[in-house]
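**Q** Model the following, please.
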Amino acid sequence: MKTKIALLLILFAAALTQSCVSKKEYAALQANYNKSVDTNRELKQSWQVTQQELAGSRSRVQSLEEQIAAARTNAAGLQDALNKCLAGNNQGGVNIAKLADQINASDKYIQHLVELKNKSDSLNQVLTTNLTRSLSPDEMKDVDIKVLKGVVYISLADNMLYKSGSYMISDRAGAILGKVAKIINDYSNYDVIIEGNTDNVPISQVNIRNNWDLSALRASSVVQALQNNYGVDPKRLTAGGRGEYNPVASNDNEGGKSLNRRTQIIITPKLDQFMALIGKPEQNR
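**A** Numbers count the residues shown, from 1 in each chain. All right, here's what the predicted structure looks like:
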């Protein structure tokens, strides 16, 4: 019996010896595991950026596709009128030629809108992608970037941007504003509107009468920081306050109020240049 027990103990010890790995092998396994964790984190961040870019692209496509659809409807109406003229043979050659010219001009305008849409999509995609990639995952918690109808909206949380109950810029906001300013300076043909927003809780501060004042003062603080600290051309900047009257969520709970307390940086093509581009095909008619 003792011999059997001794034999079992020897076999058990041998099995344990075979199952153990050396320190070098363990370190290699641990390194592979750490690399897998880092790769998974990077893939997750890349997926989040891609989702944001996809949402912005869908919005831009919808806006310009509506314009293209309207232009195509107009072209179809002109073609129908031409067909009726040809079928009834009641119109002279001059009217038919005029309709044909209008159809050709309409087709050119549609093509121009498509080209303008593609150009706008490309610029806004590059702009939002550059800004998103420059922000860390922690910074992205306080920043929301959207593209609506060809306009880039950068929404900054007030608890990151300002000192509590104040319109003074916090030290924490400097890094994010610096990255936003770099994008603004890189796209010098765009105008920038800074828009302050609050919740519906009345403000009680000396020299601040109400939320209108607070939202305007906060927007002005951001404008001056962009100008004085980061060299943004003040001629491109506009500051405005919307008080509590532009909510994005309900003010009935703290979560909604937190979303409503925000400052938006709106980056948009210069209106005169945009209208000039739109009008070019019209001038050739």
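**Q** Just give me how far stretch 169-187 sits from the chain centre.
**A** Relative to the chain's own centre, stretch 169-187 is displaced by 15 Å; criterion: Cα atoms, centre = their mean, to the nearest Å.
**Q** Give me the buried positions along that stretch.
**A** 169, 173, 176-177, 179-184, 187 (16 or more other Cβ atoms under 10 Å). C-beta coordinates here come from the backbone N, C-alpha and C atoms, glycine included.
**Q** repeat for stretch 132-148
**A** 132, 135, 140, 142-145, 147.
**Q** Now it - C-alpha only, CSV.
**A** Extracted in CSV, the C-alpha atoms of stretch 132-148 (Å, rounded to 0.1, in the frame of the first residue of the first chain):
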residue,chain,number,x,y,z
THR,A,132,-11.8,64.0,-33.4
ARG,A,133,-8.4,62.3,-33.8
SER,A,134,-6.6,65.2,-32.0
LEU,A,135,-8.8,64.7,-28.8
SER,A,136,-8.1,62.0,-26.3
PRO,A,137,-10.8,59.6,-25.1
ASP,A,138,-11.1,61.5,-21.9
GLU,A,139,-11.5,64.8,-23.7
MET,A,140,-14.1,63.4,-26.0
LYS,A,141,-16.4,62.9,-22.9
ASP,A,142,-16.8,66.7,-22.8
VAL,A,143,-17.0,67.3,-26.6
ASP,A,144,-19.7,66.4,-29.0
ILE,A,145,-19.1,66.9,-32.8
LYS,A,146,-21.9,66.9,-35.3
VAL,A,147,-22.4,67.9,-38.9
LEU,A,148,-25.8,69.2,-39.9
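**Q** Quick check: Gln62 vs Lys270, distance?
**A** Distance of Gln62 to Lys270, given as Cβ to Cβ, to the nearest Å: 23 Å.
**Q** what does Ala173 give?
**A** For Ala173, the distance to Lys270 - Cβ to Cβ - is 27 Å.
**Q** mind listing what Ile194 touches?
**A** Applying Cβ atoms under 8 Å, 6 or more residues apart in numbering to Ile194 gives the contacts 219-220, 222-223, 226, 237-240, 263-266.
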